[in-house]
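Chemist: sequence? don't have it. structure:
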RNA sequence: CGGGGCGUAGCGCAGCUUGGCUAGCGCGCGUGGUUUGGGACCACGAGGUCGCGGGUUCAAAUCCCGCCGCCCCGACCA
């Protein structure tokens, strides 16, 4: 393994790519724009998955699986949807050595195939709400790809729900957005802003798109999750009606919501440093690594024995790895486990044993600290907890420091030229034209209209016209 | 799709300008030994369709033509 990662300050994008490759989260696949998620990266995804899955089930959802292939005719049923997705779809034209009667789209998202089935399953108000989630892979033919952040194929979860009323569907939409916020902040230790997307950034086929926006260390925004209120658009396209108590026929109301393997990229970009990954304990595949240090057989037996006992003293909820390889030096191991972002490292050698202690290093702090063996487990558990909180606070502080409230266009443009452009909180008149021009002129986009924001009389930062509210603008991934 | 870069051992590269003999270096890998508190060392060893196809030549990694692939930067997107 080569030494040294590029510095974030010198080349953030190269730092990111090299880190993902060298920490063995992922590797480039033979197909352009595709990646292999390697075991260590997949382990992070599995932890994301199992946590969210539990949260979805706690909110009444069940899992199902719908097919990868979607008949072309389904894709074209909802006008906006097809217009939005057609350009990025992979289409299968041949199967079994023969040209297909009807081309099959590889799902870019599953609204159409799911709503074609919901049509069969929903007849009465008694069938509602229908709350289904699926874990799946999807394909979107992107022009430009980046490991985890944007790949041609990616893994995600997509929730698709059907409701009797608009109110209920809207409640569901914001409820799931809140689930995402909770997950991002409590597990990923990534603070997010809940908001509504502008018309132009809205999901193709949605009435309204909600999102959570996170800030990466280079001051760019990353959309970390979305939740859509679909109104009756898909119900009408697929003719999904239900009979009310009164016997009337009504179209059902829909939502859909998703997060993807992009979250792994968000995790990397939110916390990691020039030495490698920094993983929040609640999502780290390995919590504690023990590196034994010894000379000769005698010490080896002694130190390894103690190290094993130490590893075994932790309960099943703490994942401890004893690195007893003898083909690499202790120093090499330190660097490797830092690269891989293991939250806590314990060094234990003869000198420690003589003093009845071990050396402990927290990944985010990097300082060595001697801890008596008898209290080691307790201290480690506390540090894991503290680190989880510390990462969130650090990220939050960074976001606050990198968010500017601005009112004139010139300072805004200047801000977007800064090495860390950050978020700008500014007025927007609401016109699509201003939005487009703003993007053209500054490379920034309107990330969202924050839910927390109060209506406020101000003026549009670009055209100066009256504005009813402030929005978040930023360069983004 | 436009611009740039790169394709030579598992990885990173040199060699190409000015064709030549057995294609080289570092890391990694294997074996043996000494080692282990911040990326250890010695010895021996394995490992190559020089991206692909064609051409020029006595001779091509090197020159010419064509193709392919990947990465990076811009226009679409979670």
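Modeler: Sure, I can see it. Please read all numbers here as calculations on a predicted model, not as lab measurements. Numbers count the residues shown, from 1 in each chain, chains lettered A, B, ... in the order given.
Chemist: Compute the distance between residue A:465 and residue A:457, please.
Modeler: 12 Å (CB to CB, to the nearest Å). From N, CA and C alone the C-beta is placed, and that goes for glycine too.
Chemist: okay, these two: which has more neighbours?
Modeler: Neighbour tally, residue A:465 and residue A:457, criterion other CB atoms under 10 Å: the higher count belongs to residue A:465, 13 against 9.
Chemist: wait, that one sits on residue A:433?
Modeler: No. Counting by CB atoms under 8 Å, residue A:433 is not a contact partner of residue A:465; they are 11.0 Å apart.
Chemist: Might you report the residue contacts of the closest residue to RNA strand B within the stretch 51-200 of chain A?
Modeler: Of all residues in the stretch 51-200 of chain A, residue A:143 sits closest to RNA strand B, at 3.4 Å by CB to the nearest atom of the strand. Contacts for residue A:143 were tallied using CB atoms under 8 Å, 6 or more residues apart in numbering; there are none.
Chemist: still on that earlier bit, overlap in contacts, residue A:465 and residue A:433.
Modeler: By CB under 8 Å, 6+ apart, no residue touches both residue A:465 and residue A:433.
Chemist: now the nearest residue to residue A:56 once chain neighbours are set aside: how far from residue A:59?
Modeler: Take residue A:56 and drop its neighbours on the chain: the residue closest to it by CB to CB, 6 or more residues apart in numbering is residue A:133, 5.1 Å away. Between residue A:133 and residue A:59 the distance is 10 Å, computed by CB to CB.
Chemist: Between those two, point out the one with more neighbours.
Modeler: residue A:133 (23 against 15).
Chemist: if we look at the sheet, which residues does the more buried one bridge to?
Modeler: residue A:63, residue A:159 (DSSP bridges).
Chemist: That one and residue A:60 touch, don't they?
Modeler: No. Residue A:133 lies out of contact with residue A:60 (CB under 8 Å); the separation is 10.4 Å.
Chemist: Distance from the host helix or strand of residue A:290 to the middle of the chain?
Modeler: Using DSSP states H and E, residue A:290 sits within strand A:288-292. Offset of strand A:288-292 from its chain centre (CA atoms, centre = their mean, to the nearest Å): 29 Å.
Chemist: leaving aside the residues next to it on the chain, what's closest to the most centrally placed residue in chain A?
Modeler: What sits nearest the mean C-alpha location of chain A, by CA atoms, centre = their mean, is residue A:263, with 2.0 Å. Closest residue to residue A:263 apart from its sequence neighbours, by CB to CB, 6+ apart: residue A:48 at 5.7 Å.
Chemist: related to what we said a few turns ago, can you list the strands that the strand holding residue A:290 pairs with?
Modeler: Applying DSSP bridges, one finds strand A:288-292 paired with strand A:320-322 (parallel), strand A:344-348 (parallel).
Chemist: following it, which helix or strand shows up next?
Modeler: helix A:296-312.
Chemist: That next one packs against which elements?
Modeler: Using 3 or more CB pairs under 8 Å, 6 or more residues apart in numbering; DSSP states H and E, the elements in contact with helix A:296-312 are strand A:288-292, strand A:320-322, strand A:344-348, helix A:350-355, helix A:373-401.
Chemist: In TSV, list the ones you listed along with distance to residue A:158 and mean pLDDT.
Modeler: Listed next are the helices and strands packed on helix A:296-312 as TSV, based on distance: least, CB to CB, whole Å; pLDDT from 0 to 100:
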stretch	distance to residue A:158	mean pLDDT
strand A:288-292	35	97
strand A:320-322	34	96
strand A:344-348	35	97
helix A:350-355	50	95
helix A:373-401	27	97
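Chemist: out of those, deepest packed?
Modeler: Ranked by mean neighbour count, the helices and strands packed on helix A:296-312 are led by strand A:288-292 with a mean of 26 (mean count of other CB atoms under 10 Å).
Chemist: Domain ranges for chain A, per the record?
Modeler: According to automatic domain parsing, chain A comprises the domains A:12-271, A:288-383, A:403-474.
Chemist: Please identify the most buried of those domains.
Modeler: For the domains of chain A, the highest mean count by mean count of other CB under 10 Å goes to domain A:12-271, at a mean of 19.
Chemist: what does the stretch 51-200 of chain A have sitting close to RNA strand B?
Modeler: With CB under 7 Å from any atom of the strand as the criterion, the stretch 51-200 of chain A meets RNA strand B at residues A:84, A:87-88, A:140, A:142-146, A:149-152, A:154.
Chemist: Give the helix, strand or coil label for whichever residue of the stretch 1-150 of chain A sits closest to RNA strand B.
Modeler: Here the residue of the stretch 1-150 of chain A nearest RNA strand B is residue A:32; by CB to the nearest atom of the strand that distance is 2.5 Å. Look at residue A:32: counting by DSSP: H, G, I helix; E, B strand; the rest coil, its state is coil.
Chemist: Next, the contact list for it, please.
Modeler: A:145, A:152.
Chemist: which other residues reach stretch A:238-252?
Modeler: A:77, A:112, A:115-116, A:118-119, A:122-125, A:127-128, A:162-164, A:232, A:234-236.
Chemist: Rounded mean pLDDT for that stretch, please.
Modeler: The average pLDDT within stretch A:238-252 is 97.
Chemist: mind checking the end-to-end distance for that stretch?
Modeler: 11 Å (CA to CA, to the nearest Å).
Chemist: Off-centre distance for that stretch?
Modeler: 36 Å.
Chemist: same thing with stretch A:264-279?
Modeler: 12 Å.
Chemist: tell me the mean pLDDT for it?
Modeler: Mean predicted lDDT for stretch A:264-279 stands at 95.
Chemist: rewinding a little: could you dump the helices and strands packed on helix A:296-312 into TSV with distance to RNA strand B added?
Modeler: Rendered in TSV, the data for the helices and strands packed on helix A:296-312 read as follows (distance: least, CB to the nearest atom of the strand, whole Å):
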stretch	distance to RNA strand B
strand A:288-292	8
strand A:320-322	14
strand A:344-348	4
helix A:350-355	3
helix A:373-401	12
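Chemist: Quick one: closest of these to residue A:438.
Modeler: helix A:373-401 (21.4 Å; CB to CB).
Chemist: Next SSE downstream of that closest one?
Modeler: According to DSSP H and E, the helix or strand after helix A:373-401 is strand A:403-405.
Chemist: And the contacts of whichever helix or strand comes after that following strand?
Modeler: Per DSSP H and E, strand A:403-405 leads on to helix A:409-417 as the next helix or strand towards the C-terminus. Helix A:409-417 has contacts (CB under 8 Å, 6+ apart) with A:404, A:406, A:421-422, A:424, A:426, A:441-444, A:461-462, A:473, A:475.
Chemist: can you narrow those to ones near RNA strand B?
Modeler: Within these, those near RNA strand B by CB under 7 Å from any atom of the strand are residue A:443.
Chemist: could you dump the contacts of helix A:409-417 to CSV with secondary structure and distance to residue A:52?
Modeler: Formatted as CSV, the contacts of helix A:409-417 follow (DSSP: H, G, I helix; E, B strand; the rest coil; distance: CB to CB, whole Å):
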residue, secondary structure, distance to residue A:52
A:404, strand, 33
A:406, coil, 35
A:421, coil, 30
A:422, coil, 28
A:424, strand, 31
A:426, strand, 33
A:441, helix, 38
A:442, helix, 34
A:443, coil, 32
A:444, coil, 30
A:461, coil, 36
A:462, coil, 38
A:473, strand, 29
A:475, coil, 28
